[in-house]
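Engineer: give me a 3D structure for the following:
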Amino acid sequence: MSIEVAKRLQHTEEYYFSKKLREIDELNKKGLNVINLGIGSPDLPPHPSVIETLNQCASLPNTHAYQSYKGVPALRKAMAQWYEKFYSVTLNPETEVLPLMGSKEGIMHICMTYLQEGDEVLIPNPGYPTYTSAVRLTGAKGVSYTLKAENGWLPDLAALAKQNLSRVKMMWINYPHMPTGAKADIGFFERLIAFGKQHNILICHDNPYSFILTERPTSLLAIEGAKEVALELNSLSKSSNMAGWRIGMLLGAQDRINEILRFKSNMDSGMFLPLQMAAVKALTLNKDWYDELNMIYRNRRTKVHKLLDLLGCQYDKAQVGMFVWAKIPKKYTNGYELSDRVLQQSAVFITPGGIFGNAGDHYVRISLCTKESVLEEAIDRITSKIT
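Structural biologist: Next comes the predicted model:
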C-alpha cells in the first residue's frame, strides 16, 4: 500500500542539520570523534537558581496538571518586566505577551494564523531556513530578499519598495542577524516600521540573539508605533542557556496576540508549570549573568577567529550573536566544498553558508557553543591535516 505525503510536504525537505547529524553519527561510529562546530545549542547550563526552582516546583504534588494556553500570570508579568528592564519596552502582561514552547513554534503559529495560498512573504537570504519552510507549509509563497555584506547585511528597503508588493502580507527579519551576526540600529528599525505601515506588511522580528556579545539588547518594539505593524519573537534558549527547555515568547498588540492564540490553542495544552516558574526565575537574573556569559563567548570567539585564519577565511570582528560568519577563500567553489574538506580531513564540522540561502554560498558559519579546549583541539586537527 502506498500513501502519499500531503502536498504541503512534497517540496519541504528534512532540516539540513537533521541529515548532517546522521552523517556525523556514522563517522563517530567509525571512531573519528567528529568535533561539531555547526549547531548553536548552548553547551553551558542555566543559572543554578533556575534549576533549583524547576526541581522544587516539580516536586510539589499540584504542579502537573494542564496549564493555560496563555501561560501563568507570573510568567507573563516576568516577561513584560524583562522587556521593560533590558529593552525599555512597555508591555501589558495580560494582553501583549504570549508565552510559547520555544520561539520556533511561534514562527509556525504566526504563519498559520495569517497566511494562505496567494499570499507572499518577504524572507531574508541568507536567513534562518525555518522561515522558508513555515511559509511553504501554509501554501503561501516566499519571496527572498538578498542581504549583502556591503550593505551591512541589512535589507535594501528602497529597492524592495520598487517591487510589486501587492500580495506581500508579511516580512521576516532577524537582528542581531543569524547567520551573519549583523546588527541593526534604531534608524534602520524606524525605516522598517515606516516601510511596513506604507505597504501594509506585518513585520515579524525574530530576536533570540540580542543578549549575546552585544553591549545593549535592542527590540523592534522600542520604536514608536511599532505595535501597529510588528510582532516580535524572543526566547530563553540563548540568553539563559535553556534551549532544550523550549521557552519562548511572542510580543505585540492585543489584537495580534488574540488572533494567534486562536491557532495556538488548537496545537498544545499549555506549558509544564515547573518550566514556567523556572523561566520566571531566569527572567529576574541581573546584568551580571549576561556579562559572565558574554565573557565566555568572547574568549571562544578569539579561538574561532584563529581557526578561520588557518582556513584563510575573512570575517568581521564586529559581529554579534553566538556564531562567526566568514567568507571562504576563492579557491573553493562554495562553503559546502570547504565544509566537506574540513570534515573529511580533520573530522571537524563547520556549517556551509549555502544552507541559509544562495547569498551565503561563499561563506561558512562556526558556532561559539563549544568549550575552548575543544576549539583548541579543532585548531590542532586543522593545523596538522589541512594547513
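Engineer: the stretch 201-350 of the chain: strands as residue ranges?
Structural biologist: 202-206, 230-235, 248-251, 314-315, 323-327, 348-349 (DSSP state E, counting those that start in this stretch).
Engineer: need those strands in a markdown table (columns: mean neighbour count).
Structural biologist: Where you see a C-beta, it was placed from the backbone N, CA and C, and this is true even at glycine. Below are the strands of the stretch 201-350 of the chain laid out as a markdown table (neighbours: other Cβ atoms under 10 Å):
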| stretch | mean neighbour count |
| --- | --- |
| strand 202-206 | 24 |
| strand 230-235 | 26 |
| strand 248-251 | 27 |
| strand 314-315 | 16 |
| strand 323-327 | 25 |
| strand 348-349 | 24 |
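Engineer: grab the longest helix from this protein for me.
Structural biologist: Ranked by residue count, the top helix of the chain under DSSP state H comes out as helix 287-310.
Engineer: what about residue 158, how many residues nearby?
Structural biologist: Per other Cβ atoms under 10 Å, the neighbour tally for residue 158 reads 9.
Engineer: now it: how far from residue 349?
Structural biologist: 39 Å (Cβ to Cβ, to the nearest Å).
Engineer: ok, back up a step: the longest helix of the chain: which residues count as buried?
Structural biologist: 289, 290, 293, 294, 297, 300, 301, 303, 304, 305, 307, 308 (16 or more other Cβ atoms under 10 Å).
Engineer: what helix or strand is residue 80 on?
Structural biologist: helix 73-87 (DSSP states H and E).
Engineer: on contacts alone, who are the packing partners of that helix?
Structural biologist: When contacts are defined as 3 or more Cβ pairs under 8 Å, 6 or more residues apart in numbering; DSSP states H and E, helix 73-87 packs onto strand 97-100, strand 248-251, helix 273-283.
Engineer: return the most buried member of those.
Structural biologist: With neighbours taken as mean count of other Cβ atoms under 10 Å, those reach their highest mean count in strand 248-251, at a mean of 27.
Engineer: tell me which strands that strand pairs with, and in which orientation.
Structural biologist: strand 97-100 (antiparallel), strand 230-235 (antiparallel) (DSSP bridges).
Engineer: which one of those strands lies nearest to residue 260?
Structural biologist: Within the strands paired with strand 248-251, the stretch nearest residue 260 is strand 97-100; the backing value is 6.7 Å (Cβ to Cβ).
Engineer: who touches the next helix or strand after that closest one?
Structural biologist: Moving toward the C-terminus from strand 97-100, the next helix or strand (DSSP H and E) is helix 103-114. Applying Cβ atoms under 8 Å, 6 or more residues apart in numbering, the external contacts of helix 103-114 come out as 100, 121, 130-131, 134-135, 137-138, 140, 169-170, 172, 202, 204, 206, 208, 231, 233-235, 237, 246, 248-250, 259-260, 262-264, 267.
Engineer: does the helix or strand just after helix 103-114 pack against any helices or strands, and if so which?
Structural biologist: Using DSSP H and E, the helix or strand that follows helix 103-114 towards the C-terminus is strand 120-125. Judged by 3+ Cβ pairs under 8 Å, 6+ apart, the packing partners of strand 120-125 are helix 129-138, strand 141-146, strand 168-173.
Engineer: centre of the chain to strand 120-125, how far?
Structural biologist: In terms of Cα atoms, centre = their mean, to the nearest Å, the centre of strand 120-125 is set 16 Å apart from its chain centre.
Engineer: any idea of the angle it forms with helix 129-138?
Structural biologist: 160 degrees (axes from the mean of the first three to the mean of the last three Cα atoms, to 10 degrees).
Engineer: need the residues that contact strand 120-125.
Structural biologist: For strand 120-125, using Cβ under 8 Å, 6+ apart, the contacting residues are 111, 115, 131-132, 135, 140-147, 155, 160, 167-174, 177, 201, 356-360.
Engineer: avg pLDDT for that strand?
Structural biologist: With pLDDT averaged residue by residue, strand 120-125 scores 98.
Engineer: also stretch 352-367?
Structural biologist: On average, the pLDDT along stretch 352-367 is 96.
Engineer: hmm, residue 57 is touching residue 279, no?
Structural biologist: No. With contact defined as Cβ atoms under 8 Å, residue 57 does not count as touching residue 279 (10.8 Å).
Engineer: give me the contact list for stretch 325-340.
Structural biologist: 149, 179-181, 308, 311-316, 319, 341, 349-354, 360-366.
Engineer: ok so, going back, got TSV for the strands of the stretch 201-350 of the chain, with mean pLDDT and distance to residue 373 too?
Structural biologist: What follows is those, written out as TSV (pLDDT from 0 to 100; distance: least, Cβ to Cβ, whole Å):
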stretch	mean pLDDT	distance to residue 373
strand 202-206	98	32
strand 230-235	98	28
strand 248-251	98	31
strand 314-315	98	22
strand 323-327	98	18
strand 348-349	95	14
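Engineer: quick one: closest of these to residue 67.
Structural biologist: Per Cβ to Cβ, nearest to residue 67 of these: strand 248-251, 15.1 Å.
Engineer: show me how far the closest one is from its chain's centre.
Structural biologist: With Cα atoms, centre = their mean, you get 13 Å for strand 248-251.
Engineer: please apply the same query to stretch 346-364.
Structural biologist: On the basis of Cα atoms, centre = their mean, stretch 346-364 sits 17 Å off its chain's mean C-alpha point.
Engineer: and that stretch, what's buried?
Structural biologist: 346-357, 359-364.
Engineer: narrow these to those in strands?
Structural biologist: Residues of those located in strands (DSSP state E): 348, 349, 351, 352, 363, 364.
Engineer: and those, which two are the farthest apart?
Structural biologist: So, these by Cβ to Cβ: farthest apart are 348 and 363, at 16.9 Å.
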